[in-house]
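Colleague: 3D model of this:
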Amino acid sequence: MPRMMTGCRALGTGISCRRATRRAAGRARDATARPVQRQRDREKVKKPTALPWVRTGKRRPTAEPWALFVEQETPALQEPPNVKRVLVISIDPQEASFRLRMAILPRLLAADHYEFEFHTRPKKWLDRLKLVASASRYHAVIVQRKLLDPSHAKILRWRSRRVVYDLDDAVMVQRRKIGRMSQWLKQRRFIATARSADHVVAGNQFLADTFVKLDCPVTVLPTVVDPQHYKIKSHAATDAPTLVWIGSRSTLPYLQQWMTAIEAATRRVPGLRLTTIANDTVRSEVIPVEHVAWSVEAESAALHRGDIGIAPTPSDQWTIGKSGFKIIQYMATGLPTVASPVGANEQILIDGTTGLLASSMEQWTDAIVRLANDVSLRAQMGAAARRLVETDYSLERARHVWREVLEGERPS
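Modeller: Predicted coordinates:
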């Protein structure tokens, strides 16, 4: 029995010795190979990849916190060398401003080899960052009405070849009362957006003057129309002259404020009527009101049934920045217009030639009565208004301005 125990111990010692020998040999190999492997690992390590903006010649430090989220630039699709791609960032493609100022651009500039890619501003911060960071893949970027976050405006400026800001309303003004902090934040975003732009296309002179104060190159381009879309009115004597107003639910209160003057005119012009073209209407016990639900297809025919266009507008910081598009629509139809001398209204309407400007309620009543009782004056002013639209507010004018703005020239 003792001999058996000794044999087992000897066997166990032999196994342990062999294991120890193998482990020692492995440690020796590791000690020899480890420096070599470290050297190989160091050779595999590449220098940090430069951020995509280095390709544009605008080098920036890589320590910016947002740089971690910016994807590396993907190779652009192979396209004909003459094609110039433009990125358009807007708020809502359903809004009239987008439909009338941006959606027309592909048709206007197709012959100049421009292709447009439209994007609604993403709701998520990271998605917005990725969108502005993709700007280097485009010939130019158009920001339509949107006020950018200061950080995004800075990235857009770094990444873009050319940035154009387009607006037709006083987006820097809050329509409703807000607190001081909200006002400060809005102004901060407005200034950041303005400084990121190479050029601004403003819907009226008031907006243009605002950007001139910030040393931004500006071109005034009112919202234009396709004259072929509007049938020209042939004025004739009638016992039921019709006032026409086109707008939306947000501007309907302006019409409601002037209903007193309109109803006073009804007492002096028997048979006077009112047609509203909008998504809502006003009501009156004095003047008959016909309501036409607005649509692109219905607006032209509804305007053509009118005799006098009206554009009542109160005076405040928001309305001063509006671009008076309804007046251009009346003029395209060949209608004389009665309008308040506020903002762009005073610039578009030529008082005594294409319509009448009226400030007080009495002036409004007198202007409506004068045009309602004089068919020859309506015809004369309507014809002059249509000619003005064809020369100054047509699609050809917009094509000329946008082509030169996108190419970096100052429109003549």
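Colleague: Would you confirm that residue 349 contacts residue 358?
Modeller: No - assessed by Cβ atoms under 8 Å, residue 349 is found out of contact with residue 358, at 10.6 Å. C-beta: built from backbone N, CA, C; applies to glycine.
Colleague: what residues are shared contacts of the two?
Modeller: Common contacts of residue 349 and residue 358 (Cβ atoms under 8 Å, 6 or more residues apart in numbering): residue 339.
Colleague: Counting neighbours, go ahead and name the busier of those two.
Modeller: More crowded of residue 349 and residue 358, by other Cβ atoms under 10 Å: residue 349, with 29 against 22.
Colleague: residues contacting the more buried one?
Modeller: Counting by Cβ under 8 Å, 6+ apart, residue 349 has contacts 324, 327, 337, 339, 355, 357.
Colleague: okay, it: pLDDT?
Modeller: Listed pLDDT for residue 349 reads 96.
Colleague: excluding its backbone neighbours, what's nearest it?
Modeller: Nearest residue to residue 349 in three dimensions, chain neighbours excluded: residue 355, at 4.8 Å (Cβ to Cβ, 6 or more residues apart in numbering).
Colleague: Who are the packing partners of the helix or strand harbouring residue 153?
Modeller: Taking DSSP states H and E as the criterion, the element that holds residue 153 is helix 150-159. On a contact count with 3 or more Cβ pairs under 8 Å, 6 or more residues apart in numbering; DSSP states H and E, helix 150-159 meets helix 125-133, helix 180-196.
Colleague: I'd like those helices laid out as TSV, including mean neighbour count and mean pLDDT.
Modeller: Shown next, in TSV, are the helices and strands packed on helix 150-159 (neighbours: other Cβ atoms under 10 Å; pLDDT from 0 to 100):
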stretch	mean neighbour count	mean pLDDT
helix 125-133	17	88
helix 180-196	15	87
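Colleague: Run a quick neighbour tally on residue 92.
Modeller: Residues within reach of residue 92, counting by other Cβ under 10 Å, total 13.
Colleague: That one touches residue 98, doesn't it?
Modeller: Yes - judged on Cβ under 8 Å, residue 92 makes contact with residue 98 at a distance of 6.6 Å.
Colleague: Report the secondary structure state of residue 115.
Modeller: strand (DSSP: H, G, I helix; E, B strand; the rest coil).
Colleague: Could you find the closest non-adjacent residue to it?
Modeller: residue 85 (5.1 Å).
Colleague: likewise residue 272?
Modeller: If the residues on either side of it in the chain are set aside, residue 272 comes closest to residue 266, at 4.7 Å by Cβ to Cβ, 6+ apart.
Colleague: how many neighbours does the closest residue to residue 112 other than its chain neighbours have?
Modeller: Distance criterion Cβ to Cβ, 6+ apart; nearest residue to residue 112, sequence neighbours excluded, is residue 403 at 5.7 Å. Counted by other Cβ under 10 Å, the residues lying close to residue 403 total 16.
Colleague: before we move on, what about residue 89?
Modeller: Per other Cβ under 10 Å, the neighbour tally for residue 89 reads 24.
Colleague: mind checking pLDDT for it?
Modeller: So residue 89 comes in at 93 (pLDDT).
Colleague: In JSON lines, list the helices and strands packed on helix 150-159 along with distance to residue 344.
Modeller: Formatted as JSON lines, the helices and strands packed on helix 150-159 follow (distance: least, Cβ to Cβ, whole Å):
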{"stretch": "helix 125-133", "distance to residue 344": "30"}
{"stretch": "helix 180-196", "distance to residue 344": "20"}
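Colleague: for the ones you listed, which one sits closest to residue 214?
Modeller: Closest to residue 214 of the helices and strands packed on helix 150-159, according to Cβ to Cβ: helix 180-196, at 4.9 Å.
Colleague: so what does the helix or strand just after that closest one touch, helix or strand wise?
Modeller: Downstream of helix 180-196, the next assigned helix or strand under DSSP H and E is strand 199-202. Judged by 3+ Cβ pairs under 8 Å, 6+ apart, strand 199-202 is in contact with strand 163-167, helix 205-212, strand 218-220, helix 395-406.
Colleague: Can you add distance to residue 183 and mean pLDDT and give the ones you listed back as TSV?
Modeller: Shown next, in TSV, are those (distance: least, Cβ to Cβ, whole Å; pLDDT from 0 to 100):
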stretch	distance to residue 183	mean pLDDT
strand 163-167	18	95
helix 205-212	16	92
strand 218-220	24	94
helix 395-406	30	93
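Colleague: nearest to residue 238, of these?
Modeller: helix 395-406 (32.1 Å).
Colleague: outside of that closest one, which residues touch it?
Modeller: Contacts of helix 395-406 (Cβ under 8 Å, 6+ apart): 84, 86, 104-105, 108-109, 112, 114, 139-140, 162, 164, 199, 201, 219, 221, 224-226, 391, 410-412.
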